[in-house]
Every structure is written in C-alpha cells, then in structure tokens.
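Novice: Next comes the sequence, and after it the predicted model I'd like to discuss.
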Amino acid sequence: MSGFLNSLADKVGDTLGIDLHAALEQKLQSLLSPDTIQAIADRADSSGLGDHVRSWIGNGDNLPVSPEQIKDLLNNDEVQAMVAKTGLPADTLLPALARFLPDAIDKKTPAGEVPGPGQN
C-alpha cells in the first residue's frame, strides 16, 4: 500500500480498535489463492467481466473495474466475510478492492495463467 493508504489504514484501524493492515492483508491473501483466483476467473464470464479478469491474469495492461463490478464478481458471502473481518462497510471495502485486486491478481499470475495447486 502507498504511504497515504498505510497512514489512512492506521487511523481507521486505531479508531475501530483493530489491526486494519493485518485484516485487509489476510483477506486480500485469501482472495489471491490459486483456487480463489480460478473461481473469480470462472465467475467473470457470467458477470460480464471475463475480459477484465483475463487482462489481470494475462500479460499486458489490466483493465480497470468499478466497485459495483467487484461486488458483482465476488459473491455476497465473500463481501460480507470481508466486512465482518475488517469492521469496514462494503462501501469502503469495494472501492479499495476495485483499486488493488486487479494488480494483486496480476502479480500472483506472472506467467499469464493461474498457478496450479501448491504453487504461489
């Protein structure tokens, strides 16, 4: 995260009484497991975001997504689990995911494909 976002996360975490960095990092890492990346890729076509997610996995530029598109891509259980874990409302989490998830998936798939089981 950038210095500004780290500072913001510290302030929000202090206000909420939680380690927001750890909570967000843990949730983001769970979204970046090979199984979850594959599930996101599988769901992307049905939500109209197949080209977007393939751009994150493949080589080249990442297509951007909106918070609403992230909400469509992730199932409600995943969003609610992140809300419960971080203590932040979905209206705060979804824009952050829209900003960071494409790049994070891109970095987890440097060969242009989802890693197989046991690979990271």
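Specialist: Looks like it arrived, so ask away. Residues are numbered from 1 along each chain as shown.
Novice: now the spatially most central residue of the chain: how far from Pro95?
Specialist: By C-alpha atoms, centre = their mean, the chain has its centre lying nearest to Leu101, at 3.5 Å. Distance of Leu101 to Pro95, computed by C-beta to C-beta, to the nearest Å: 11 Å. Heads up, the C-betas are built off the backbone N, CA and C, glycines and all.
Novice: By mean pLDDT, flag the weakest helix or strand of this protein.
Specialist: helix 3-16 (a mean of 51; mean pLDDT, DSSP states H and E).
Novice: Could you pull out the buried residues of the helix or strand that contains Lys71?
Specialist: Using DSSP states H and E, Lys71 sits in helix 67-73. Counting neighbours by 16 or more other C-beta atoms under 10 Å, one finds that the buried residues in helix 67-73 are 67, 69-73.
Novice: which helices and strands does it pack with?
Specialist: helix 34-46, helix 90-108 (3 or more C-beta pairs under 8 Å, 6 or more residues apart in numbering; DSSP states H and E).
Novice: Report the mean per-residue pLDDT for that helix.
Specialist: Average pLDDT, helix 67-73: 93.
Novice: Tell me where the model's unsure across the protein.
Specialist: 1-27, 117-120 (pLDDT under 70).
Novice: Just the buried positions in stretch 51-70, please.
Specialist: Across stretch 51-70, burial judged by 16+ other C-beta under 10 Å covers 52-53, 55-57, 62, 65, 67, 69-70.
Novice: Compute the first-to-last residue distance for that stretch.
Specialist: 14 Å (C-alpha to C-alpha, to the nearest Å).
Novice: from the buried residues of stretch 51-70, which is closest to Ala90?
Specialist: Pro67 (8.6 Å; C-beta to C-beta).
Novice: residue contacts, that closest one?
Specialist: 91, 94-95, 97-98 (C-beta atoms under 8 Å, 6 or more residues apart in numbering).
Novice: how close does the nearest residue to it once chain neighbours are set aside sit to Leu88?
Specialist: Using C-beta to C-beta, 6 or more residues apart in numbering and skipping residues adjacent in sequence, the residue nearest Pro67 is Leu94, 3.7 Å away. Counting by C-beta to C-beta, the gap from Leu94 to Leu88 is 10 Å.
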